[in-house]
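Enquirer: quick one: sequence and predicted model below, then my questions.
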Amino acid sequence: MVALAACGDSADASGSGGAGSTGDATASGGQTATTSAAGGASTTNGSGGGATFVLPPPNAGLDYQLGGAYDPPPGVDIVTRDRNAPSAGALYDICYINGYQAQQEEDSFWLNDHPDLVLRDGNGDPIIDPDWDEMLLDITTPEKRAALADIVGGWIDGCAASEYEGVEIDNLDTYSRSSGLITEDDAVLFMTLLSARAHAAGLAIAQKNAAEIVGRRAEMGTDFAVAEECNVYDECDVYTGAYGDAVLLIEYSHVPFETGCANFPQLSIVLRDLDLVTPSDPGYSYDGC
């Protein structure tokens, strides 16, 4: 499944900031929703000390700008951008973070400053995602999850400071590319830490892809879903079964996009080019239902 981890998140990795995490958090629950100015639901999470965050407005125009920021097309109310880009000032802005793998341009940060947080094989070599040529981060112990949650949590805090309303953590399914070293439980436990950090910062947090673990939503503490090519893989109803209308769909070819528009008119759906380039690039493509 397309991960799009290489499309954004491109600037300095070194400033973690914010309070650190000390271990695996408990799952979130006990949510109470009211209406909000941003058009979605304002939700209080029981595990976040009463922190309030806003869900994306349902069936709103969506744009996915990980390849570069630009003025959203008319009618777009939800915009996703890389964590190093300014928020779009849309009705609802989502901050993209590659939380489970290392951006190629940030390899030196991980290898020089945090070599123990890079997943390695029996020879001590980093394990690489073959699709995106990215090193996998090591979330296999509580101590390493806590250390990584401190770094990624600093990025989450930065999203909040940049006036984003939600955060999307990519590569939740990295365990499937780890040669069996990372388990599904490891991925869920790490997401639980990141969800607690997002909620404390007043942000909603998305499950990105990984339809096979949608049933563990309560453990992860995730609030909405971002699904790429779910019409290609016939998975969209899996996400809506758990998240209702709080599901954002990204398709990269016309037929699945049209299928999604016909079958899921209640959802926000966008058609984008695979490289997510800006309108000045000849390869740019955008359409919405």
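Expert: Received it, and whenever you're ready, just let me know what you need.

Enquirer: low-scoring pLDDT stretches of the protein, where are they?
Expert: 1-51 (pLDDT under 70).

Enquirer: and residue 161, how far is that from residue 153?
Expert: Relative to residue 153, residue 161 is positioned 13 Å away (criterion: C-beta to C-beta, to the nearest Å). The way it works is simple: take the backbone N, C-alpha and C, and place the C-beta from them, glycine included.

Enquirer: neighbour count winner among the two?
Expert: Comparing residue 161 with residue 153 by other C-beta atoms under 10 Å, the one with more neighbours is residue 153, at 25 against 11.

Enquirer: surely that one and residue 190 touch.
Expert: No - with contact defined as C-beta atoms under 8 Å, residue 153 does not reach residue 190; the gap is 11.1 Å.

Enquirer: centre-most residue in this structure?
Expert: residue 168 (2.1 Å; C-alpha atoms, centre = their mean).

Enquirer: for it, give me its contacts.
Expert: 80, 94-97, 205-206, 208, 226 (C-beta atoms under 8 Å, 6 or more residues apart in numbering).

Enquirer: you'd agree residue 236 is up against residue 249?
Expert: Yes - in this structure, residue 236 is within contact of residue 249 by C-beta under 8 Å, at 6.5 Å.

Enquirer: quickly list what's touching both of these two.
Expert: 227, 230, 260, 264, 267.

Enquirer: looking at these, which are in strands?
Expert: Taking DSSP state E, the ones among the shared contacts of residue 236 and residue 249 that sit in strands are residue 227.

Enquirer: ok, and the most crowded of the shared contacts of residue 236 and residue 249?
Expert: residue 227 (29 neighbours).

Enquirer: that one is in contact with residue 251, isn't it?
Expert: No - Residue 227 lies out of contact with residue 251 (C-beta under 8 Å); the separation is 9.5 Å.

Enquirer: for residue 79, pull up the helix or strand it's in.
Expert: Taking DSSP states H and E as the criterion, residue 79 maps to strand 76-82.

Enquirer: and the contacts of that strand?
Expert: 7-10, 39, 56-57, 60-66, 69, 72, 87-88, 90-96, 168, 226, 248, 268, 288.

Enquirer: how close does residue 152 sit to residue 166?
Expert: Where residue 166 is concerned, residue 152 sits at a distance of 15 Å (C-beta to C-beta).

Enquirer: what does residue 70 give?
Expert: Residue 70 is 20 Å from residue 166, by C-beta to C-beta.

Enquirer: what kind of secondary structure is residue 149 in?
Expert: Classification of residue 149 using DSSP: H, G, I helix; E, B strand; the rest coil returns helix.

Enquirer: please apply the same query to residue 97.
Expert: strand.

Enquirer: hmm, it is touching residue 172, no?
Expert: No - in this structure, residue 97 is not within contact of residue 172 by C-beta under 8 Å, at 11.4 Å.

Enquirer: so what sits against both of these two?
Expert: When contacts are counted by C-beta under 8 Å, 6+ apart, residue 97 and residue 172 have no shared neighbour.

Enquirer: residue ranges for the helices of the chain, please.
Expert: 107-108, 142-161, 184-200, 217-220, 236-243, 254-263 (DSSP state H).

Enquirer: winner for burial among those helices?
Expert: Comparing those by mean neighbour count (mean count of other C-beta atoms under 10 Å), helix 184-200 ranks first with a mean of 24.

Enquirer: between that one and helix 142-161, how many degrees?
Expert: Orientation check (axes from the mean of the first three to the mean of the last three C-alpha atoms, to 10 degrees): helix 184-200 against helix 142-161 gives 30 degrees.
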